[in-house]
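In: the sequence isn't on hand, but the structure is:
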């Protein structure tokens, strides 16, 4: 599933990046800006940032590293 059509960032890439980042440093803070930077992309229009942030939170919860996101 594509989360960002400007940079072609996928859900699988977010999942993989979050897992790898926490494997390298379990105390890392992962933000959409950091994720885009570390995957060689840039935020263009910014429309996807909330969705990417939500996917990061879901991935952290799946890995037992954060609170489960609540439905807004």
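Out: That came through fine. Remember, predicted model here, so these are calculated numbers, not experimental data. Residues are numbered from 1 along each chain as shown.
In: from residue 9, how far out is residue 63?
Out: According to Cβ to Cβ, to the nearest Å, residue 63 stands 19 Å off from residue 9. For every residue, glycine as well, the C-beta is placed using N, CA and C.
In: the more surrounded of those two?
Out: When neighbours are counted by other Cβ atoms under 10 Å, residue 63 and residue 9 differ, and residue 9 comes out ahead with 23 against 14.
In: surely the more buried one touches residue 48?
Out: Yes - assessed by Cβ atoms under 8 Å, residue 9 is found in contact with residue 48 at 7.3 Å.
In: now for these two: what residues contact both?
Out: residue 3 (Cβ atoms under 8 Å, 6 or more residues apart in numbering).
In: low-confidence stretches in this structure?
Out: Scanning the chain for pLDDT under 70 picks out 67-72.
In: can you map out the helices along it?
Out: 11-24, 32-38, 49-62 (DSSP state H).
In: kindly reformat those as TSV containing mean neighbour count.
Out: Below are those laid out as TSV (neighbours: other Cβ atoms under 10 Å):
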stretch	mean neighbour count
helix 11-24	15
helix 32-38	16
helix 49-62	17
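In: okay if I get these as TSV plus distance to residue 3?
Out: Below are the helices of the chain laid out as TSV (distance: least, Cβ to Cβ, whole Å):
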stretch	distance to residue 3
helix 11-24	6
helix 32-38	10
helix 49-62	5
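In: between the ones you listed, which one is nearest to residue 5?
Out: When the helices of the chain are compared by Cβ to Cβ, helix 49-62 sits nearest residue 5, at 10.9 Å.
In: and the closest one, what does it pack against?
Out: Contacts defined by 3 or more Cβ pairs under 8 Å, 6 or more residues apart in numbering; DSSP states H and E place helix 49-62 against strand 2-4, helix 11-24, helix 32-38.
In: what about stretch 48-63, distance to the chain center?
Out: Remark: stretch 48-63 is offset 5 Å from the chain centroid, using Cα atoms, centre = their mean, to the nearest Å.
In: ditto for stretch 55-66
Out: Distance, centroid of stretch 55-66 to centroid of chain: 9 Å (Cα atoms, centre = their mean).
In: with that, I have no additional questions.
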